[in-house]
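Have a look; sequence and predicted model below, questions after that.
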Amino acid sequence: MPPLSEVVCRVIRTLRVDTVVRATIARRRVSILMYHRPSPACLEEHLRYLSSCYNLIRLDSFVDALRSGDWHRVPDRALVLTFDDGAAGVAALADVLRRHRAPATMYLCSSITGTNRRFWFEAVPDPYALLPLPNARRLEVLSSAGFRPDVEAPERTTLSPEELERMADVVDFQSHTRFHPPLTTCTDDEADDEIQVSRSEVESLTRRPCRHLCYPHGDYGDREEELARRAGYRSARTIDIGWNGPRTNPYRLRILGTLDDASVARLAGELSGIGFLFRWRETRRLDGRAAPLSAFPKTAGRAGSIAGEMTTGLDF
């Protein structure tokens, strides 16, 4: 039996709620989708649906219109595709994106990409339990488990420099910090290093400008926003649920999902805003803001629910 969220999304699509939302709420706003590692087959299915009813635009085009105030440059039913982490294997998505003429933004962890270093959250069985810890303490726990962020593994877990070059015609590479830490648990100097140094590292990796940031784990506050501004980024993406309009804060861009293996019905439901309900169930907030890290590890036992049944959960 499918989970309740899938059933609800199927009903939404059957009743054509997604069509109504596109014609009203979403018509003059920008929808952003967040992926991590979808299979080429799943992305192909998603893009067949998305290209039939949305105008797929570059993140740069959206942010240019947002910052200039010239919202007329944004087409109706605009949608931006984003991918987090740049994990090994996502190079296979480039051909799918090309077939559908779908520009995408991929946020890279600049001190992991192009190396054999690993993501910290892949090194422990329960990364949720480490999220609320001060950064230094989290690194101590990881070290005791045999993980150090600067030590390379036998196999590569991220895109290679050659793959970055081959994907550059259809993917715009931007920053996901250096090592993907929860930024609000970092000291001022640690957070500044992760945000500022990553920008120059991404530019060295890609030989192209780095203009946009994505907060790891959807974790940010006023300090992180100010650090992003000072580092010269033009935007920063969150995992807060919602559409983006002409008055959206460019350093608090919102998303509407989705899961890497979502059915098209689920995708349609999430683009219709069902994520607000899922997020409210998680946080009891009506503004779509992601759960604070202080909510973990209390909810770690619900990890499957948060990362699966809920629309977006945390950004791992």
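Ah, there it is. Residues are numbered from 1 along each chain as shown.

The closest residue to residue 106 other than its chain neighbours pairs with what?
Nearest residue to residue 106, sequence neighbours excluded (Cβ to Cβ, 6 or more residues apart in numbering): residue 83, at 4.4 Å. All C-beta atoms are positioned from the backbone trio N, CA, C, and that covers glycine. Beta bridges link residue 83 to residue 35, residue 106 when assigned by DSSP bridges.

Check residue 83 and give its pLDDT.
Looking at residue 83, its pLDDT is 98.

Also the one 5 residues further on?
Looking at residue 88, its pLDDT is 93.

Over to residue 285?
For residue 285, the model assigns a pLDDT of 87.

From residue 161, how far off is the residue nearest to it when sequence neighbours are not counted?
Among residues not flanking residue 285 along the chain, residue 279 sits closest, at 7.1 Å (Cβ to Cβ, 6+ apart). Distance, residue 279 to residue 161, using Cβ to Cβ, to the nearest Å: 37 Å.

Which of these two has more residues huddled nearby?
Taking neighbours as other Cβ atoms under 10 Å, residue 279 and residue 161 compare with residue 279 leading, 25 against 14.

Does the more buried one touch residue 242 like I think?
No. Checked against Cβ atoms under 8 Å, the pair residue 279 and residue 242 is beyond contact range at 9.3 Å.

What count of nearby residues applies to residue 125?
Residue 125, neighbours per other Cβ under 10 Å, totals 6.

How about the secondary structure of it?
coil (DSSP: H, G, I helix; E, B strand; the rest coil).

any idea how far it is from residue 145?
Look at residue 125 and residue 145: by Cβ to Cβ, they are 9 Å apart.

same thing with residue 220?
27 Å.

same deal with residue 198?
Taking Cβ to Cβ, one finds residue 198 at 25 Å from residue 145.

now do residue 122
Taking Cβ to Cβ, one finds residue 122 at 11 Å from residue 145.

can you pull the contacts of residue 62?
Shown in contact with residue 62 (Cβ atoms under 8 Å, 6 or more residues apart in numbering): 30, 74, 78, 80, 244.

quick one: low-confidence ranges for the chain?
The model of the chain has pLDDT under 70 over residues 1, 296-314.

residues shared between the contacts of residue 279 and residue 242?
Residues touching both residue 279 and residue 242 by Cβ under 8 Å, 6+ apart: residue 288.

Which stretches in the protein count as helices?
Counting by DSSP state H, the chain has helices at residues 4-14, 17-23, 40-53, 59-68, 94-99, 135-144, 161-167, 188-206, 222-230, 264-271, 275-283, 303-304.

in the longest one, what's buried?
The neighbour-count check on helix 188-206 (16 or more other Cβ atoms under 10 Å) flags 190-199, 201-203, 205-206 as buried.

what's the answer for the third one, then?
Of the residues in helix 40-53, those buried under the neighbour-count criterion (16+ other Cβ under 10 Å) are 42-47, 49-50.

The second one too?
Burial within helix 17-23, assessed by neighbour count using 16+ other Cβ under 10 Å, is assigned to 17-18, 21-22.

cool, and stretch 164-177?
Using 16+ other Cβ under 10 Å as the test for burial, stretch 164-177 gives 164, 167, 170-177.

With stretch 130-150 instead?
130-133, 135, 138-139, 142, 147, 149.

In this structure residue 187 contacts residue 135, no?
Yes. With contact defined as Cβ under 8 Å, residue 187 reaches residue 135; the gap is 7.0 Å.

For the closest residue to residue 221 other than its chain neighbours, list the residues it contacts.
The shortest distance from residue 221 to any non-neighbouring residue, by Cβ to Cβ, 6+ apart, is to residue 184 (5.4 Å). Contacts for residue 184 (Cβ under 8 Å, 6+ apart) come out as 191, 219-221, 223-224, 293.

Equivalent analysis for residue 108, please.
85-86, 158-159, 173-176, 202, 205.

repeat for residue 57
By Cβ under 8 Å, 6+ apart, residue 57 lies in contact with 30, 74-75, 78-80, 103.

Now for those: which two are most distant?
Taking Cβ to Cβ, the two most distant members of the contacts of residue 57 are 74 and 103; they sit 14.3 Å apart.

neighbour-wise, which of those two wins?
A side-by-side neighbour count of residue 74 and residue 103, using other Cβ under 10 Å, places residue 74 first with 21 against 18.

tell me the contacts of the more buried one?
28, 30, 57, 61-62, 65.

Could you dump those into a markdown table and include distance to residue 95?
Listed next are the contacts of residue 74 as a markdown table, based on distance: Cβ to Cβ, whole Å:
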| residue | distance to residue 95 |
| --- | --- |
| 28 | 32 |
| 30 | 26 |
| 57 | 20 |
| 61 | 23 |
| 62 | 24 |
| 65 | 29 |
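
okay, among the residues you listed, which ones form the most distant pair?
Top of the distance list for the contacts of residue 74 (Cβ to Cβ): 28 and 61, 14.9 Å.
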